[in-house]
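> what's the 3D shape of this:
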Amino acid sequence: MARPIWKGSIQFGLVNIPVQLETAVREKAVSFHLLSKDGSCRLRRKLVCPDTGEEVNYSDTARGIEVAKDQYVLVDEKELDKLKPEKGRAIEIEQFVKISEIDPIYFDRVYFVTPVDGSAKAYKLLHDAMTESGRVGIARFVMRDREYVAALRVMGDGIVLHTMHYADEVLAIEDSLPGTIAKAKPAAKEVQFARQLIESMTHTLDLGNFKDDYRMQVEALIEAKRKGKKTVTPKDDHDDEPLPRTINLMDALKKSLASSKHPKPQRMHRKSA
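As a prediction, the model looks like this:
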C-alpha cells in the first residue's frame, strides 16, 4: 500500500467522508547523476554570481520576478506566506458534471482516494451514487500550500482524484495552427477513406501492449555494464534521412487501408547485448 500524501475529508452537501490521497502513478525513468570524467566523484552545483564569480550561500538569496531586462521586483518570503491559501483538510465538491464536459487537456496528476477512520460506508455511498448518475465531482482543496481544482471520478470499486489545470493556464490550439488550416478542404472521398482506415484500426485498448523501449534498453545496458559485459553502441543510419512526405494523399489512404486489413506480426522489443 502506498504511503498517503494527504489526509482530510470529502465534503458534498452535509456529507463528510474521511479520506486520504495516495499516489496513483509511479513514473519510471532512468535518472543519471553528474560525475567526474572517471566516475570517482559525484559533482554538485553551486550558486555563483556571474559578474563576480563568487559563490553565494542559499541563505543570502532572495526571490524576484524579472519585469524588464535586468530589472527585478523582489518579494519577501513573509509576504508570500501571507498570500498562501489557508491550510484545509477538506475536498469540497462544488458541482457534478458529465466527464465528457471535461477536455483531457485539463487533467494534471492523479491520486487514489481511499476511505479512512471507518468511513467505508459513506465512501461507498458516494461511489455508488456517482456510478448511477454517471457524473464526476468538481472540487477545490488545498495541498502543500497550493489550492487545486480537481475532478473526482469512479474507477472500479474506488474513487480517483485528478488535479486540473486552471482555465487560464490552457492555451488555445487555434493560436498554434497555421492560417492555411481554414482553407484546407479534403475531398469527400478522402474523408471517406480516412474514416474507413480509422474503423479498420479500431481495436479494444490494452495499454500493456505499449512499452517504453528506450527505458527498457537503457536499464538492460546498465545491468550489462554492472555485470561487466561488453556492450556495443549500434550505429544509427537514420539520422540523415529526410522526413517522409505524402505526395498523393488518396493513394496513401488506399494503400494504408489495404495493409490494415492484414494482421501485422506482433511487435518485438529489442534487447541490449
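
> residue ranges in this protein under the pLDDT threshold?
Along the chain, the parts satisfying pLDDT under 70 run over 1, 232-247, 261-273.

> how near is the residue in it sticking out farthest from the centre to residue 230?
Distance from the C-alpha centroid of the chain, by C-alpha atoms, centre = their mean, peaks at residue 52 (40.2 Å). When C-beta to C-beta, to the nearest Å is the yardstick, residue 52 and residue 230 sit 48 Å from each other. Backbone N, C-alpha and C define where each C-beta goes, glycine included.

> same question, residue 144
Separation of residue 144 from residue 230 (C-beta to C-beta): 47 Å.

> again with residue 99
Residue 99 is 52 Å from residue 230, by C-beta to C-beta.

> the more surrounded of the two?
The neighbour comparison of residue 99 against residue 230 (other C-beta atoms under 10 Å) goes to residue 99, with 13 against 7.

> please enumerate the strands of the stretch 101-250 of the chain.
107-115, 135-143, 146-155, 158-164 (DSSP state E, counting those that start in this stretch).

> name the strands paired with the shortest one and say parallel or antiparallel.
Each strand pairing with strand 158-164, determined using DSSP bridges, is listed with its direction: strand 107-115 (antiparallel), strand 146-155 (antiparallel).

> so which bits of it are buried?
Residues of strand 158-164 classed as buried: 159-164 (neighbour count, 16 or more other C-beta atoms under 10 Å).

> which two in those are spaced the farthest apart?
159 and 164 (15.6 Å; C-beta to C-beta).

> which parts of the stretch 151-273 of the chain are helices?
Secondary structure of the stretch 151-273 of the chain, counting by DSSP state H, counting those that start in this stretch: helices at 188-200, 213-226, 249-260.

> so the first one versus helix 249-260, what angle?
Pointing back at helix 188-200 there. Per axes from the mean of the first three to the mean of the last three C-alpha atoms, to 10 degrees, the angle that helix 188-200 makes with helix 249-260 is 20 degrees.

> tell me what helix 188-200 is packed against?
helix 249-260 (3 or more C-beta pairs under 8 Å, 6 or more residues apart in numbering; DSSP states H and E).

> same check, this time on the second one
With contacts defined as 3+ C-beta pairs under 8 Å, 6+ apart, helix 213-226 has no packing partner among the helices and strands.

> tell me the buried residues in that helix?
216-217, 220-221.

> CA atoms only: put that helix into CSV for me.
Output of helix 213-226 as CSV, limited to C-alpha atoms (Å, rounded to 0.1, in the frame of the first residue of the first chain):
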residue,chain,number,x,y,z
ASP,A,213,11.5,0.7,-25.4
TYR,A,214,14.2,3.4,-24.6
ARG,A,215,13.9,3.0,-20.9
MET,A,216,14.0,-0.8,-21.1
GLN,A,217,17.1,-0.8,-23.3
VAL,A,218,18.9,1.7,-21.0
GLU,A,219,18.1,-0.5,-18.0
ALA,A,220,19.4,-3.5,-19.9
LEU,A,221,22.5,-1.6,-20.8
ILE,A,222,23.1,-0.6,-17.2
GLU,A,223,22.6,-4.1,-16.0
ALA,A,224,25.0,-5.5,-18.6
LYS,A,225,27.6,-2.9,-17.5
ARG,A,226,27.0,-3.8,-13.9
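
> quick one: that helix to chain centroid distance?
24 Å (C-alpha atoms, centre = their mean, to the nearest Å).

> ok, the last one next?
With C-alpha atoms, centre = their mean as the basis, helix 249-260 stands 33 Å off its chain's centre.
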